[in-house]
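A.B. asks: okay, predicted coordinates and the sequence, questions at the end:
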Amino acid sequence: MSAIIINIMKKWVILVLIGPLLMMLACQEVEPPNFTQPEATAQPSPPNPEPVPAPMPLPPSLTDAGEFFFSNCASCHGINREGNVGPVLTPESLAALSDAEVKDAILNGRRGTLMPAWKDSLTDEEVDALIQLVRYTSP
């Protein structure tokens with residue numbers, strides 16, 4: 001057999017063996033993360049405690065964005081936005097991009113990748129909430 005045919009056969013064997021494994025990993029069911037603020041636990045107060053402001057609750061739109069992300073984006077970008085098939089989506093990883101560039105990627109998808117366009121499915125407010133989630137909140 002020629003070297004070309006052997007190389008083609010090797011690629012097919014790899015594709016047939018590894019392809020289903022990658023699909024199984026990408027489609028695993030996982031526990032959704034809790035996007036609400038944790039409840040404060042009582043701790044002994046130090047002498048002369050300084051007043052601490054209560055944590056701000058997440059706005060409903062950001063909570064909805066977290067749920068949307070888990071349902072529609074986490075399979076590629078990871079539950080904690082650590083990347084998987086798609087890139088990492090954290091404030092640090094997106095620092096070089098503007099909000100407009102992130103919005104364009106969400107609305108129009110990314111050519112040559114698996115990133116779909118969401119322009120026909122999301123409102124401007126929902127896209128803005130997703131941008132807030134990935135650019136300005138830690139996973």
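C.D. replies: Looks like it came in fine.

A.B. asks: so how many other residues sit close to R81?
C.D. replies: 23 (other Cβ atoms under 10 Å). Any C-beta I mention is one placed from the backbone N, CA and C, and that applies to glycine too.

A.B. asks: right, and it touches T90 too?
C.D. replies: Yes - counting by Cβ atoms under 8 Å, T90 is a contact partner of R81 at 5.5 Å.

A.B. asks: identify the contacts common to these two.
C.D. replies: Common contacts of R81 and T90 (Cβ atoms under 8 Å, 6 or more residues apart in numbering): 134, 139.

A.B. asks: remind me which helix or strand S93 belongs to.
C.D. replies: Counting by DSSP states H and E, no helix or strand carries S93.

A.B. asks: kindly report the same for D104.
C.D. replies: helix 99-108.

A.B. asks: tell me the first helix or strand C-terminal of that helix.
C.D. replies: Next along from helix 99-108, by DSSP H and E: helix 124-136.

A.B. asks: so what does that following helix touch, helix or strand wise?
C.D. replies: helix 60-72, helix 99-108 (3 or more Cβ pairs under 8 Å, 6 or more residues apart in numbering; DSSP states H and E).

A.B. asks: still on that earlier bit, what comes up buried for the helix holding D104?
C.D. replies: 102-106 (16 or more other Cβ atoms under 10 Å).
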